[in-house]
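Asker: Any chance you could fold what I've pasted below:
(2 chains)
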Amino acid sequence: MKFSAPRGTRDILPEEASRWRWLEEVFREQCRLYGFGEIRTPIFEETGLFARSIGEETEIVTKQMYTFSDQGGRSLTLRPEGTAGVVRAYLQSGLANQGGVQRLFYFGPFFRYERPQKGRFRQFYQGGVEVFGAEGPQLDAEVIALAMDFLNALGLEGARLRINSTGCKTCRPVYEKALRKALAPVVDKLCSWCQERYKGNTLRILDEKRPDCRRYLKDIPSILDSLDKECREHFEDLRVLLNGLGIPYEVESDVVRGLDYYTRTVFEINQPGLGAQDALGGGGRYDGLVEEFGGKPTPAVGWGMGVERILDALETNRQPQAGKGPAQEGLVYFATAGSVDMEIVPNLISEVRASGMAAISASLDKALKAQMKEASRQCCRWVVIVGEDEIAAGTVTLRDMESGEQQNIKREKLIDTLKQLMEQKPL
RNA sequence: GUGGCUGUAGCUCAAAGGUAGAGCGCUGGACUGUGGAUCCAGUGGCUGCGGGUUCGACUCCCGCCAGCCACCCCA
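Answerer: Residues are numbered from 1 along each chain as shown, chains lettered A, B, ... in the order given. Below you'll find the predicted structure:
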């Protein structure tokens, strides 16, 4: 074979695509129930948009972006996440000037240059939501509830919600200072990675999982003890709201996300047993980003969820597959036998399709037997046989491929009979 | 970016220095206008790509590419 799909990308064939469509429909329906409207933003943006929002020093920006320059010399980047583009659009389109609370959702492909492994691709799909203009914890809770409802509606079980607060621009530096102080005696014993972070993005040291480093991180202070009054109340209220909604969660003070724009609430949803990449989704509040982009100070909160990982989790959970084969979509197969006027079948098929039923026919002059086999392979529930005998009698033979029953009916009654059968004998 | 494992027929896998095989699938027949079951026959390959060692390489060595898994990071 001459070509293959680029590394980290994959083809989704019809059978699998129907599962994807099902998931997307469930997602859209949940968003609708929560009053969210869809937004579609470009798949590439100015490189600077991502660098400035996600953070110049983050992994995503420093090593994982698909960046290229176009014919005009502009530096563009395939979007590695959804929030930056939505914030940009929110400002550029004037949505920001309409006031009030804006609830938006998106669904589509994202790109990160990483080494592929289980649950990690270079092109992957995410569904996400963003809410602008609401400062209180009510929307944090609502957005989390939406995420959990989405997973429940898919029939997923066992997902774990972990929440934390990373404070605001006033109290986070206080904590970072305390953290640096606590780590000062052991900093030279930490790995080079941690030492880098110690200097720059101290908070992210909490993310360290290596046992070697971990044991020096045992007694570090919790960020939750450093939150100022407003942030503490915000977090406490969020917990009250989640409790009220009956949403189980765990507070974990070392949940830190890899994107710099988060403030206060951050959360992650994990599916134990999925493998090394077990985060189905995550998000949080980003109260400073709109202002950072030149808008007026606007609180915001949102999340993104990984489609491949959710489908993977459903698979390992052995949840019902929602895949629909052609049979379930009522596909009708037209077969011919003997020499039949070329125009008859196409005309009949047209009529069937015009009445809303899906139909296909043999493309070649094959033996009836071969046509039946093809119909079977295509999972067609019904086969209409139009042969010389039928033409002579003005009828068609209609076969139910599941029961094997056949009947001879007047050609004019085909449509009505098919309709009737589809209602009577759905799969 | 680093490491481990793996690339043989459309698919799942054998062959371990001596001419590349099976099952499933596919095509046809038994059954000349009737799918699935059974039996029979046929179709199947630059052994991922490129070098090297050897009289001889699917097999050993090197490089590249790809897949899987992990590190890292995250969806």
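
Asker: Take stretch A:279-294, keep the C-alpha atoms, and write them as CSV.
Answerer: The C-alpha trace of stretch A:279-294 is given here as CSV (Å, rounded to 0.1, in the frame of the first residue of the first chain):
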residue,chain,number,x,y,z
ALA,A,279,-8.9,11.1,32.2
LEU,A,280,-12.2,11.2,30.4
GLY,A,281,-12.4,15.0,30.7
GLY,A,282,-11.6,17.9,32.8
GLY,A,283,-12.0,21.6,33.2
GLY,A,284,-12.5,24.4,35.5
ARG,A,285,-12.9,28.1,35.9
TYR,A,286,-10.9,30.7,34.0
ASP,A,287,-11.9,34.1,35.4
GLY,A,288,-8.9,35.9,33.9
LEU,A,289,-8.8,34.8,30.3
VAL,A,290,-11.3,37.1,28.7
GLU,A,291,-9.6,40.1,30.2
GLU,A,292,-6.3,38.7,29.1
PHE,A,293,-7.6,38.7,25.6
GLY,A,294,-8.6,42.3,25.8
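
Asker: Determine the number of other residues adjacent to the closest residue to RNA strand B within the stretch 51-200 of chain A.
Answerer: Distances between the stretch 51-200 of chain A and RNA strand B by Cβ to the nearest atom of the strand are smallest at A:Lys118, namely 2.9 Å. Every residue, glycine included, has its C-beta placed from N, CA and C. Around A:Lys118 there are 12 other residues, counting by other Cβ atoms under 10 Å.

Asker: show me where pLDDT drops low in the stretch 51-200 of chain A?
Answerer: Of all residues in the stretch 51-200 of chain A, none has pLDDT under 70.

Asker: for A:Arg162, helix, strand, or coil?
Answerer: Secondary structure, DSSP: H, G, I helix; E, B strand; the rest coil: A:Arg162 is strand.

Asker: Looks like it contacts A:Glu250 (just checking).
Answerer: Yes. Using Cβ atoms under 8 Å, A:Arg162 makes contact with A:Glu250 at a distance of 5.1 Å.

Asker: picking that back up, the residue of the stretch 51-200 of chain A closest to RNA strand B: what's it in contact with?
Answerer: A:274-277, A:312 (Cβ atoms under 8 Å, 6 or more residues apart in numbering).

Asker: from the chain's centre, how far out does the longest helix anywhere in chain A sit?
Answerer: The helix of greatest length in chain A, counted in residues with DSSP state H as the criterion, is given as helix A:14-33. In this view, helix A:14-33 has its centroid 9 Å away from the chain centroid, taken as Cα atoms, centre = their mean, to the nearest Å.

Asker: After that helix, heading C-terminal, what element do we hit next?
Answerer: strand A:37-38 (DSSP states H and E).

Asker: residue in chain A nearest to RNA strand B?
Answerer: Nearest residue of chain A to RNA strand B, counting by Cβ to the nearest atom of the strand: A:Gly258, 1.1 Å away.

Asker: number of nearby residues for that residue?
Answerer: Each residue near A:Gly258 was counted by other Cβ under 10 Å, and the total is 16.

Asker: The longest helix of chain A - what's its average pLDDT?
Answerer: Helix A:14-33 shows a mean pLDDT of 93 in the predicted model.

Asker: Please name every helix or strand in contact with it.
Answerer: In terms of contact count using 3 or more Cβ pairs under 8 Å, 6 or more residues apart in numbering; DSSP states H and E, helix A:14-33 is assigned the packing partners strand A:102-111, strand A:123-132, helix A:137-154, helix A:307-316.

Asker: Can you check what angle separates that helix from helix A:307-316?
Answerer: Compare the direction of helix A:14-33 with that of helix A:307-316 by axes from the mean of the first three to the mean of the last three Cα atoms, to 10 degrees and you get 110 degrees.

Asker: hmm, back to that, next up, phi/psi of the residue of chain A closest to RNA strand B, please.
Answerer: Note on A:Gly258: its backbone torsions stand at phi -80, psi 10 [degrees, to the nearest 10].

Asker: and it, how far is that from A:Ser226?
Answerer: In this structure, A:Gly258 and A:Ser226 are 21 Å apart, going by Cβ to Cβ, to the nearest Å.

Asker: Next: A:Glu402.
Answerer: A:Glu402 sits 66 Å away from A:Ser226, taking Cβ to Cβ as the criterion.

Asker: These two: which has the busier surroundings?
Answerer: Neighbours per residue (other Cβ under 10 Å) separate A:Glu402 from A:Ser226, with A:Ser226 holding more: 20 against 11.

Asker: Could you give the number of residues near the nearest residue to that one once chain neighbours are set aside?
Answerer: If the residues on either side of it in the chain are set aside, A:Ser226 comes closest to A:Tyr175, at 3.7 Å by Cβ to Cβ, 6 or more residues apart in numbering. Other residues near A:Tyr175 come to 21 when the count uses other Cβ under 10 Å.

Asker: Can you mark which positions in the helix or strand hosting A:Tyr175 are buried?
Answerer: If you go by DSSP H and E, A:Tyr175 is part of helix A:171-183. Across helix A:171-183, burial judged by 16 or more other Cβ atoms under 10 Å covers A:171-172, A:175-176, A:178-179, A:183.

Asker: would you turn these into JSON lines with distance to RNA strand B?
Answerer: Output for the buried residues of helix A:171-183, formatted as JSON lines (distance: Cβ to the nearest atom of the strand, whole Å):
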{"residue": "A:Cys171", "distance to RNA strand B": "21"}
{"residue": "A:Arg172", "distance to RNA strand B": "16"}
{"residue": "A:Tyr175", "distance to RNA strand B": "18"}
{"residue": "A:Glu176", "distance to RNA strand B": "16"}
{"residue": "A:Ala178", "distance to RNA strand B": "21"}
{"residue": "A:Leu179", "distance to RNA strand B": "16"}
{"residue": "A:Leu183", "distance to RNA strand B": "15"}
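
Asker: Lovely, talk soon.
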